[in-house]
Structures are given as C-alpha cells and as structure tokens.
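*Asks:* return a 3D structure for these sequence lines:
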Amino acid sequence: MRVLVTGGSGAIGSFVVEELVNRGEEVTVFDIDPPVQNEVYFIKGDITDQEGVLDAVSKVEVVIHLAAILPPACEQDPHRAEKVNVGGTLNILDAVEGTEKRVVCLSSKGALGSMAGQYAHPRYEPVSESHYKNPVNVYGTTKMSVEQYCQAYSSNKDVDVSVVRLASTWGPGKGPRHGELDLISRMIEGAANGEKIHVSGGDQKNDLVYYADIAQGLVRLARGRFLPHLVYHIGSGGVVKLSDFGDVLANLFPDSLLTIEGGLNYFEQVQPTYCQLDISRARQDVGYEPKFDVEAGIKDYLLRMGIGT
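*Replies:* Below you'll find the predicted structure:
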C-alpha cells in the first residue's frame, strides 16, 4: 500500500509513519520539515499549495491527513488556521475526487466543544460519534468544518473518507508545539531530570490516548475501504487522572521533585472537553484496541527520549 502522510514529520505523524513502515507499507511524508525516518520518501510542501498537494496525492493510494495548525497557534492567527486546517483539507479532498484513493482525515474532540461547562463532566459518557458539536475555540471550529466537508464529499462526490476524532493526546515531542498546555510532558521529563515541578488539578479525569495507540488506530482505518461510518473515535478506552501519572513517576523516580496538588483546575485559562470517547465503533469496524496504559506509555516515552529509569 502506497501511503501519503501529510504532517508526517510531526509528533503524531512520526508515530504513524513508524507504524506504517513496520507494517511494510511504502510511505511518503508531505511536510515542511523532513521526517525522522530515513526509509521513507519525503516531499517538502505546504498543504495550502493546491498543485503541490495534487501532485503528491497522484503518487499514492491512501492519504492519512494530519497536517494542521494546532492550539495555541490557532487562537493567535485564526485566518491562518482556517487556511491550513480547512483549506488544506479541501485540497486533499479535491485531489482524490473521482479516484479510488482513500483518505483518513484527522479531527479532534475539540470539534465537540464544551459539553457541560468548564471542568465539568459531559452530558453522558462515554461520548459517541453522534454527539452534537459546539466548539468553543478556533481550533475546534476549524475541525468541525473539516468534518462537515468530509461528510459533503463522501455523500455527494463518493469520496472514500473517514474522519478520526481524537481524545486528548500525549507522547514525546508534543511539548514544543503546545508550550505550557502539555503538562504531561513537563511532568515526565521534569521527574526524570530531577526538576522541581508543582502541578495542580491532580484529581481531574480525562481520556488521554498515547501516540502509539493513535498511530495504530489511524493505520487500521487507512487499510479499510468505504467503512460503514464516516466518523470514528480513537481514545484510550477509559479515563485517568493526572495523579495517576504522578504515581507511576514516583515509582520510577523515587527521588523526583514532582508534586501534584488535588483539585480539578489544571488548565487555568482553557475550557477543555473532559470526557471519555466511545471507541466501540472503531473496535467493531477495524479491530482497534488501545495497548498503552499510563505506565506502558511513560516507559515508551522515556525510551524514545533516551531517558533512563
């Protein structure tokens, strides 16, 4: 299978490329920066360049579309976010229209928005793919538009596309793009390096899916053809607390200076969607099953970062 991964040099993209390579697929990365893997093809390109996207897509059978502007950059430049996240997706959909190529397009639970109120539980758990959408920020709004365009191209133009809505994500490489919002990376690397770190909101529950599980789910969906549903949830299959990460890190690094305070408010200026996504549809249709709990994910994270325990 010849696969194009847009945004394949990013944090999640690198895991997706690795998963594809391990399965023996022929992979091309379309990104501004080169990928970490040497055994793949690389096209340096901008997802907003329609001709460049068309040329790249013409060489493959499947597109896993990850390229996007993420928070907090979305909020800082909404026009750029719209051009990249929505316009870039339209370029992909236009490129595959009238062909037998398949697209897996990344969305987010940010498209669902706030389900009950800040730091509150959603209206029901686990949250299914049919939950109404009410995004509360620029990123979520762009992802809602992406989902709607995928629906239109699927229904009206017979494009073989699946939308993947992710739970909250974690893994190595996330920190630089998310800054202070990525508390999990700060906790893991801080504990490993002996840094003094204090985190509040240790009792807050959330569905946190590790990058390797995301990659597995995306690749499973990429190998499907005209699946029975448009939208699929990829999550951890449960909820965990920040304090759960603290417990594992305390066992791995007994002398760490990490302290975690109880309570719920750990994103002080963000209105997040704390919820568990229902992953039963992905389980049933493509056999997705998350493999990385908190401990397994932390150990893999440390191994990939070259940090000993």
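*Asks:* state the number of residues packed around residue 22.
*Replies:* When neighbours are defined as other CB atoms under 10 Å, residue 22 has 10 of them. Bear in mind the C-beta positions are built from the backbone N, C-alpha and C, glycine included.
*Asks:* show me the shaky parts of the chain.
*Replies:* By pLDDT under 70, the weakly predicted segments of the chain are 114-124, 174-181, 265-273, 308-309.
*Asks:* for the helix or strand hosting residue 55, packing partners?
*Replies:* Secondary structure assignment for residue 55, by DSSP states H and E: helix 50-57. In terms of contacts (3 or more CB pairs under 8 Å, 6 or more residues apart in numbering; DSSP states H and E), helix 50-57 is packed against strand 26-31, helix 88-96.
*Asks:* could you check the angle the lengthiest helix in the chain makes with helix 88-96?
*Replies:* Scanning the chain for the helix with the most residues, using DSSP state H, yields helix 138-157. Here helix 138-157 runs at 20 degrees with respect to helix 88-96, directions being taken by axes from the mean of the first three to the mean of the last three CA atoms, to 10 degrees.
*Asks:* contacts only, for the residue of the chain positioned farthest from its centre.
*Replies:* The C-alpha centroid of the chain is most remote from residue 255, which lies 32.4 Å away (CA atoms, centre = their mean). Neighbour list for residue 255: residue 194 [criterion: CB atoms under 8 Å, 6 or more residues apart in numbering].
*Asks:* backbone torsions only: list them for it.
*Replies:* In terms of degrees, to the nearest 10, the main-chain angles of residue 255 are phi -100, psi 10.
*Asks:* how close does residue 14 get to residue 304?
*Replies:* 10 Å (CB to CB, to the nearest Å).
*Asks:* residue 90 now?
*Replies:* Distance of residue 90 to residue 304, given as CB to CB: 34 Å.
*Asks:* tell me the first helix or strand C-terminal of the helix holding residue 55.
*Replies:* Of the helices and strands lying after helix 50-57 in sequence (DSSP H and E), the nearest is strand 62-65.
*Asks:* now that next one - C-alpha only, CSV.
*Replies:* Extracted C-alpha coordinates of strand 62-65, given in CSV (Å, rounded to 0.1, in the frame of the first residue of the first chain):
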residue,chain,number,x,y,z
VAL,A,62,-4.1,6.2,0.6
VAL,A,63,-3.8,9.6,2.3
ILE,A,64,-3.5,10.0,6.1
HIS,A,65,-4.1,13.7,6.5
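*Asks:* quick one: list the elements packing against it.
*Replies:* Contacts defined by 3+ CB pairs under 8 Å, 6+ apart place strand 62-65 against strand 2-6, helix 88-96, strand 102-108, helix 211-222.
*Asks:* redo the ones you listed as a markdown table? Include mean neighbour count and distance to residue 249.
*Replies:* Shown next, in a markdown table, are the helices and strands packed on strand 62-65 (neighbours: other CB atoms under 10 Å; distance: least, CB to CB, whole Å):
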| stretch | mean neighbour count | distance to residue 249 |
| --- | --- | --- |
| strand 2-6 | 25 | 31 |
| helix 88-96 | 23 | 37 |
| strand 102-108 | 25 | 27 |
| helix 211-222 | 25 | 18 |
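*Asks:* closest one to residue 187 among the helices and strands packed on helix 50-57?
*Replies:* Distance to residue 187, taken as CB to CB, is lowest for strand 26-31 among the helices and strands packed on helix 50-57, at 28.3 Å.
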